[in-house]
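Enquirer: what would the 3D arrangement of this be:
(2 chains)
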Amino acid sequence: MTAILGLFSCVIAWAQPIVLGFRPFLDPLPIDGYWMLLLIPMVIAISVVYKTIKTDRLHKIPREASILAAQIVAFMALAAAALWMLTELV
Amino acid sequence: MSVKSASPSWHFAGAVAAWLVPGAGHLLLGQKGRAAILLASIGMLWLGGFFIGGVGVFDRKGHPIWFMGQMLIAPSVVVEGYHRSLQGPDGLPPRPDDTAGPYQPSYGHVHEQGVLYTSLAGMLNLLAIMDVLYRDPADPRHRGYRTRGLEPTERDAGPDTGGGVA
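Expert: All right, here's what the predicted structure looks like:
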């Protein structure tokens, strides 16, 4: 119980400067350091919408959208690696 | 109930409904499953971008090309109008250090992500609009949709096809 309360107070202490005075949809979220992680939900949304429109049967969507999302992430990583090599090594 | 052979058709009302609310076009055509998925995924993407960057991401004058993507979802136009109403008489956003202002403009990666999310949601909604606009019954994806005086059979409108119209 003490551990849970301790963890809870740590989360509150971490989030306090973010949450205090924050007005949803009026103020931007202070997540400048995590912007790259935000690409993941975007890729998932693209895959789900594309497969929802293109697939003939709805039960296929989870599997096909997962494969498409994985392909997009993999090719983005490959492109990033290639560009990094181009700028750093060449 | 028997199904008559249907020819390809245009659904302008469905396209307008899809522009107003993502997935509404598919709902009008009786494809409840697809409508729910489209509403959830496009809606979450749009709301996510709005939440990340705040109202400042909808800026017709600041980035008109991105706004063309954003406006493919009708509520973006309303939010952009609200954004303009929050700006001062000089048309400038509040200063970044003005925490008591009507809103805080976003900058850097946060702004980029907000704009990207909302524009992408609009472009994905364009795919949904185009899917609703022209329907070819010969296409297995389009089987089971409602047309004037033509209701789908249980077989065609089964849960797997996203039909669901009884």
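
Enquirer: only C-alpha atoms for contact and neighbour calcs from this point on.
Expert: Noted.

Enquirer: what's around A:Ser47, how many residues?
Expert: For A:Ser47, the neighbour count with other Cα atoms under 10 Å in any protein chain shown is 23.

Enquirer: can you pull the contacts of the nearest residue to it once chain neighbours are set aside?
Expert: For A:Ser47, ignoring the flanking residues on the chain, the nearest one in space by Cα to Cα, 6 or more residues apart in numbering or on different chains is A:Ala65 at 4.9 Å. With contacts defined as Cα atoms under 8 Å, 6 or more residues apart in numbering or on different chains, A:Ala65 is in contact with A:44, A:47-48, A:50-51.

Enquirer: most neighbours among the residues you listed, which one?
Expert: If you rank these by neighbour count (other Cα under 10 Å), A:Val48 sits at the top with 25 neighbours.

Enquirer: I figured that residue hits A:Ile61, correct?
Expert: Yes: in this structure A:Val48 lies within contact range of A:Ile61 using Cα atoms under 8 Å: 7.0 Å.

Enquirer: common neighbours of these two, please.
Expert: Common neighbours of A:Val48 and A:Ile61 are not found (criterion: Cα under 8 Å, 6+ apart).

Enquirer: tell me the contacts of the residue nearest to B:Gly101 when sequence neighbours are not counted?
Expert: Counting by Cα to Cα, 6+ apart, B:Pro94 is the residue found nearest to B:Gly101 once chain neighbours are left out, at 6.1 Å. Taking Cα under 8 Å, 6+ apart as the criterion, B:Pro94 is in contact with B:87-88, B:101-105.

Enquirer: equivalent analysis for B:Gly48, please.
Expert: Contact partners of B:Gly48, counting by Cα under 8 Å, 6+ apart, are B:114, B:117-118.

Enquirer: can you put those in TSV and add distance to chain A?
Expert: Shown next, in TSV, are those (distance: Cα to the nearest Cα, whole Å):
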residue	distance to chain A
B:Gly114	9
B:Tyr117	7
B:Thr118	10
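
Enquirer: among those, pick out the one closest to B:Leu47, please.
Expert: B:Thr118 (7.6 Å; Cα to Cα).

Enquirer: please tell me how far the closest one sits from B:Gly69.
Expert: Look at B:Thr118 and B:Gly69: by Cα to Cα, to the nearest Å, they are 8 Å apart.

Enquirer: of these two, who's got more company?
Expert: B:Thr118 (31 against 21).

Enquirer: that older thread, buried set for the helix or strand that contains the residue nearest to A:Ser47?
Expert: Mapping A:Ala65 onto the secondary structure by DSSP states H and E places it in helix A:61-88. Applying a neighbour-count criterion of 16 or more other Cα atoms under 10 Å in any protein chain shown, one finds A:61, A:64-66, A:68-70, A:72 buried in helix A:61-88.

Enquirer: let me have these in a markdown table, adding pLDDT as columns.
Expert: Formatted as a markdown table, the entries for the buried residues of helix A:61-88 read as follows, by pLDDT from 0 to 100:
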| residue | pLDDT |
| --- | --- |
| A:Ile61 | 95 |
| A:Glu64 | 96 |
| A:Ala65 | 97 |
| A:Ser66 | 97 |
| A:Leu68 | 97 |
| A:Ala69 | 97 |
| A:Ala70 | 97 |
| A:Ile72 | 96 |
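
Enquirer: before we move on, which element is the nearest residue to B:Pro22 once chain neighbours are set aside in?
Expert: Leaving out its chain neighbours, the residue that sits closest to B:Pro22 by Cα to Cα, 6+ apart is B:Leu39, at 5.0 Å. According to DSSP H and E, B:Leu39 maps onto helix B:32-53.

Enquirer: that helix: what's the following helix or strand?
Expert: helix B:64-70.

Enquirer: by contact count, what packs against that next one?
Expert: Using 3 or more Cα pairs under 8 Å, 6 or more residues apart in numbering or on different chains; DSSP states H and E as the contact criterion, the secondary-structure elements in contact with helix B:64-70 are helix B:108-133.

Enquirer: next helix or strand past the helix it packs on?
Expert: Defined by DSSP H and E, the subsequent element after helix B:108-133 is strand B:134-135.
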